[in-house]
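Provided below for reference: sequence and predicted model.
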Amino acid sequence: MSAVADDKPIVVLGGGLTGLLLALYIARRGLPVEVYDRGPDPRRSTPGGGRSINLALAERGRLALQRVGLLADVMPLTVPMQGREIHDADGGRQLQAYGQFAGEQIYSIGRHDLTVALARACAATDVRLHFNQRCVGVDAAARSATFEAPDKTQHHCLAQTLIAADGAGSIVRRTLNDTAGFAADESLLDHGYKELSIPATAYGWYRANPNALHIWPRGGHMLIALPNLGGDFTATLFLANDGDPSFATLNSEPAIEHFLAKHYADAGTLMPKLRQDFMTNPTGIMGTVRCRRWHHAGDVLLIGDAAHAIVPFHGQGMNAAFEDCRVFDELLDEIGPKWSALYERFETARRGNANAIADMALENYTEMRDSVRDPLFFVRKALAFELEQRAPEHFIPRYSMVMFHPEIAYADAQQRGATQAELLARHTAGAASIEDVDIEQALAEVKERLAPMRS
């Protein structure tokens with residue numbers, strides 16, 4: 001039976017951000033789609049505490065939301081961030097703009113708020129949502145899945161195709177990993193994270209600049225804070241799991257007190273519950289997932305974190321997954337629900353880009369916790385902005401390509417960014433400020449080495 005004539009539903013495993021957005025894309029075409037998720041209905045539950053890293057919505061994610069008609073509903077849930085506010089160890093602060101043109105900003109949004117918005121949008125369509133349904137088995141060749149409710153009753157579901165949007169710990173991926181050719185690689189970072197909080201003042205206002213992503217870079221570790229609508233910030237400490245200092249050594253209140261006083265004294269003044277949060281909240285893990293294959297013929301497709309989970313240091317995990325959904329929809333436009341052909345094209349279009357942003361996210365951790373403290377970092381950034389002003393068709397800073405230019409593929413941004421980084425390093429070597437740089441010489445080399453970008 002052809003996919004078009006099949007009256008069985010398209011089953012999306014995972015009712016998080018990616019699964020819900022993808023279901024919206026599918027449902028608006030009149031195709032039957034059902035979403036299953038192990039957790040409770042987000043519209044009827046409060047967010048779980050202690051493991052949150054706020055999301056940064058950038059242009060790739062905004063474009064995906066716009067294509068499905070949700071951007072106007074989502075933007076009121078966000079707080080714009082124009083740049084990084086760097087908190088030095090001596091208490092000094094400096095705002096580093098993300099970009100230099102109007103609109104070059106990113107948007108902080110709570111994961112729960114965005115999930116609720118997507119669930120409500122799904123409920124307003126023909127999407128059938130099933131929560132508290134844990135996937136306990138997948139048969140790819142039979143296009144079937146088995147789900148278990150909290151009372152241990154099981155439900156067997158047959159689909160015309162299965163799409164796994166069940167996150168970095170995907171049970172579908174791990175099932176397929178036993179299939180020839182899949183060979184997924186799951187690499188845990190040797191650093192973990194702990195959620196902390198900066199509450200609003202007694203008057204309900206922010207204790208720090210609300211339009212910045214705050215970073216306390218300390219070399220081997222860092223603290224960040226992203227604003228929420230209620231006047232508070234979600235803060236996150238990133239630190240090695242082992243060694244000294246590490247989460248392993250911070251195992252007593254005196255050790256925690258000493259560490260925080262030594263490295264984050266100014267942040268501590270903003271966090272009246274800092275030590276309590278540190279002691280109470282769990283330590284989260286982070287990692288990268290890369291898959292050799294993303295699909296099994298037309299039977300099963302991996303998408304989002306299930307196919308390509310990345311560390312959070314470029315703020316692109318959600319944006320990359322939303323871009324997956326947009327590309328999936330574009331391919332549906334082109335070839336229709338011919339699942340085997342569509343999945344092959346989708347994997348070809350996305351896998352190289354997913355690997356590229358995974359690499360760049362890992363590199364950005366070093367930049368955020370260490371490089372931003374180097375005076376040469378500011379000189380290189382000033383030169384990059386100058387070159388972008390003078391030759392925007394040849395030079396856009398890599399960060400801007402990733403965050404503000406969805407028309408530039410991640411893989412292209414990585415490739416051009418490597419050339420640009422080498423060029424910036426060489427032309428700023430020994431420079432104390434931008435005035436020490438021969439900008440005309442750098443501009444000439446940019447035009448010689450970097451072909452104009454496609455509009």
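Sure thing, it's come through.

show me where the stretch 1-150 of the chain has helices.
17-27, 59-67, 71-74, 111-123 (DSSP state H, counting those that start in this stretch).

Can I get these in TSV including mean pLDDT and distance to Asp412?
Any C-beta I mention is one placed from the backbone N, CA and C, and that applies to glycine too. Supplementary listing: the helices of the stretch 1-150 of the chain in TSV, determined by pLDDT from 0 to 100; distance: least, Cβ to Cβ, whole Å:
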stretch	mean pLDDT	distance to Asp412
helix 17-27	98	23
helix 59-67	98	13
helix 71-74	98	25
helix 111-123	97	28
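
Redo these as CSV? Include distance to Leu387 and mean neighbour count.
Supplementary listing: those in CSV, determined by distance: least, Cβ to Cβ, whole Å; neighbours: other Cβ atoms under 10 Å:
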stretch, distance to Leu387, mean neighbour count
helix 17-27, 35, 27
helix 59-67, 21, 22
helix 71-74, 31, 14
helix 111-123, 35, 20
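
Tabulate those (TSV), appending distance to Asp333.
Converted to TSV, these look like this (distance: least, Cβ to Cβ, whole Å):
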stretch	distance to Asp333
helix 17-27	10
helix 59-67	11
helix 71-74	19
helix 111-123	20
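
mind checking which of those is nearest Gln154?
helix 17-27 (20.6 Å; Cβ to Cβ).

measure the spatially most central residue of the chain to Asp374 for me?
Within the chain, the residue whose C-alpha comes closest to the C-alpha centroid is Gly317; the distance, by Cα atoms, centre = their mean, is 2.0 Å. Gly317 sits 26 Å away from Asp374, taking Cβ to Cβ, to the nearest Å as the criterion.

picking up where we left off before, pull the contacting residues for the residue nearest to the centre of the chain.
The neighbourhood of Gly317, defined by Cβ atoms under 8 Å, 6 or more residues apart in numbering, consists of 305, 309-310, 361.

quick one: it from Thr288, how far?
10 Å.

Now do the shared contacts for those two.
Residues touching both Gly317 and Thr288 comprise 309-310, 361, with contact defined as Cβ under 8 Å, 6+ apart.

Reformat the residues you listed into JSON lines and put distance to Asp299, pLDDT and neighbour count next to each item.
Formatted as JSON lines, the shared contacts of Gly317 and Thr288 follow (distance: Cβ to Cβ, whole Å; pLDDT from 0 to 100; neighbours: other Cβ atoms under 10 Å):
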{"residue": "Ala309", "distance to Asp299": "22", "pLDDT": "97", "neighbour count": "25"}
{"residue": "Ile310", "distance to Asp299": "26", "pLDDT": "97", "neighbour count": "25"}
{"residue": "Ala361", "distance to Asp299": "30", "pLDDT": "97", "neighbour count": "21"}
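
For whichever helix in the chain runs longest, buried residues please.
Assignment by DSSP state H gives helix 339-369 as the longest helix of the chain. If you call a residue buried by 16 or more other Cβ atoms under 10 Å, then helix 339-369 has these buried ones: 339, 342-347, 350-351, 353-365, 367-369.

C-terminal to it, what's the next element?
helix 375-390 (DSSP states H and E).

counting contacts, what elements does the very next helix or strand once past that next one pack onto?
Stepping forward along the backbone from helix 375-390, the first helix or strand reached (DSSP H and E) is helix 398-404. With contacts defined as 3 or more Cβ pairs under 8 Å, 6 or more residues apart in numbering; DSSP states H and E, helix 398-404 has these neighbours: helix 339-369, helix 410-428.

Using CSV, write out every CA atom in the last one.
So the one you mean is helix 410-428. The C-alpha trace of helix 410-428 is given here as CSV (Å, rounded to 0.1, in the frame of the first residue of the first chain):
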residue,chain,number,x,y,z
TYR,A,410,26.0,25.0,9.3
ALA,A,411,28.7,23.1,7.3
ASP,A,412,29.3,26.2,5.2
ALA,A,413,29.6,28.4,8.3
GLN,A,414,32.1,25.9,9.8
GLN,A,415,34.2,25.8,6.7
ARG,A,416,34.2,29.6,6.1
GLY,A,417,34.7,30.2,9.8
ALA,A,418,37.9,28.2,9.8
THR,A,419,39.4,30.3,7.1
GLN,A,420,38.2,33.5,8.7
ALA,A,421,39.6,32.5,12.1
GLU,A,422,43.1,31.8,10.6
LEU,A,423,42.9,35.2,8.8
LEU,A,424,41.8,37.1,11.9
ALA,A,425,44.5,35.5,14.1
ARG,A,426,47.2,36.4,11.6
HIS,A,427,46.2,40.0,11.0
THR,A,428,45.8,40.7,14.8
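
Mind checking the helices of the stretch 1-150 of the chain for the one nearest to Asp232?
helix 111-123 (13.2 Å).

Against which helices or strands is that closest one packed?
Counting by 3+ Cβ pairs under 8 Å, 6+ apart, the packing neighbours recorded for helix 111-123 are helix 17-27, strand 55-57, helix 71-74, strand 128-130.

What lies in contact with that helix?
Outside helix 111-123, the residues that touch it by Cβ under 8 Å, 6+ apart are 15-17, 20-21, 23-24, 27, 35, 41-43, 46-47, 52, 54-55, 57, 70, 73-74, 77, 129, 229.

And Ala442, how far from Leu57?
For Ala442, the distance to Leu57 equals 33 Å [Cβ to Cβ].

the more surrounded of these two?
When neighbours are counted by other Cβ atoms under 10 Å, Ala442 and Leu57 differ, and Leu57 comes out ahead with 24 against 21.

Kindly state the pLDDT recorded for that one?
Model confidence at Leu57, expressed as pLDDT, equals 98.

Can you verify my assumption that it contacts Ala321?
No - with contact taken as Cβ atoms under 8 Å, Leu57 and Ala321 are classed as non-touching, separated by 11.9 Å.

excluding its backbone neighbours, what's nearest Phe328?
Using Cβ to Cβ, 6 or more residues apart in numbering and skipping residues adjacent in sequence, the residue nearest Phe328 is Phe346, 5.9 Å away.

What pLDDT does the model give that neighbour?
pLDDT at Phe346 comes out at 98.

ok now do it, which residues does it touch?
In this structure, Phe346 makes contact with 294-295, 301, 324, 327-328, 331, judged by Cβ under 8 Å, 6+ apart.

now swap in Tyr399 and tell me
So Tyr399 contacts Tyr98 (Cβ under 8 Å, 6+ apart).

where does the protein have low pLDDT?
Low-confidence regions of the chain, defined here as pLDDT under 70, cover residues 1-5, 48-52, 180, 455.
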